[in-house]
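**Q** show me how the following folds:
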Amino acid sequence: MRRIVTRLIVTIAITAIGIFAADNSLGTWKRNIEKTKYKPALTNPITSMTMVREASDGGVKVTATGERKDGSPINYSYTVKYDGTESPVTGSGSAFDSIAVKQIDANTFTSEIKKSGGKYHATGRVVISKDGKTMTLTNKGTDADGKPMSATIVSDKQ
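**A** Predicted coordinates for the structure are as follows:
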């Protein structure tokens, strides 16, 4: 009986590790500008964006590069654990300077982003498609002026 219980516990532990360790968001993602929508529309929209997501201890390291309509560069990064703790965002071109992420399953994540000392604050949900080719982020919150905003950001796996 003790052997059966021990095997059962080990099996459950291995299964749980496999489920929670999977992360289908890893890889290189290019923003699909045509499918991405902002409400209200951005005054200086992003014209190109590539995000590289690499596994990090208990989370992910994200490096984003791109450009806005006025030619200003986007070049920021962060490393965040999937436990909901806040992590700093460094670099330029991002509306937020901190992020917290929780992993729901291999294809679903929730996030909270904000700008320290400012009104920008949003919560979001990232969903990776079943085929692993599309990442969709839906965000709602307040912009830098404290006005309501929302976004649906679509990226394609490269």
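
**Q** can you tell me the SS state at the nearest residue to residue 119 once chain neighbours are set aside?
**A** Spatial nearest neighbour of residue 119, chain neighbours left out: residue 146 (3.9 Å); criterion: Cβ to Cβ, 6 or more residues apart in numbering. Heads up, the C-betas are built off the backbone N, CA and C, glycines and all. Secondary structure of residue 146, reduced to three states by DSSP: H, G, I helix; E, B strand; the rest coil: coil.

**Q** mind listing the strands for the chain?
**A** 27-31, 37-39, 46-56, 59-68, 73-81, 87-88, 90-92, 98-105, 108-114, 121-128, 134-142, 148-157 (DSSP state E).

**Q** and the fourth one, which strands flank it?
**A** In its sheet, strand 59-68 lies beside strand 46-56 (antiparallel), strand 73-81 (antiparallel), with partners assigned from DSSP bridges.

**Q** do the last one as well
**A** The strands that strand 148-157 pairs with in its sheet are strand 27-31 (antiparallel), strand 37-39 (antiparallel), strand 134-142 (antiparallel) (by DSSP bridges).

**Q** can you tell which of those is closest to residue 157?
**A** Nearest to residue 157, of all the strands paired with strand 148-157, is strand 27-31, at 5.8 Å by Cβ to Cβ.
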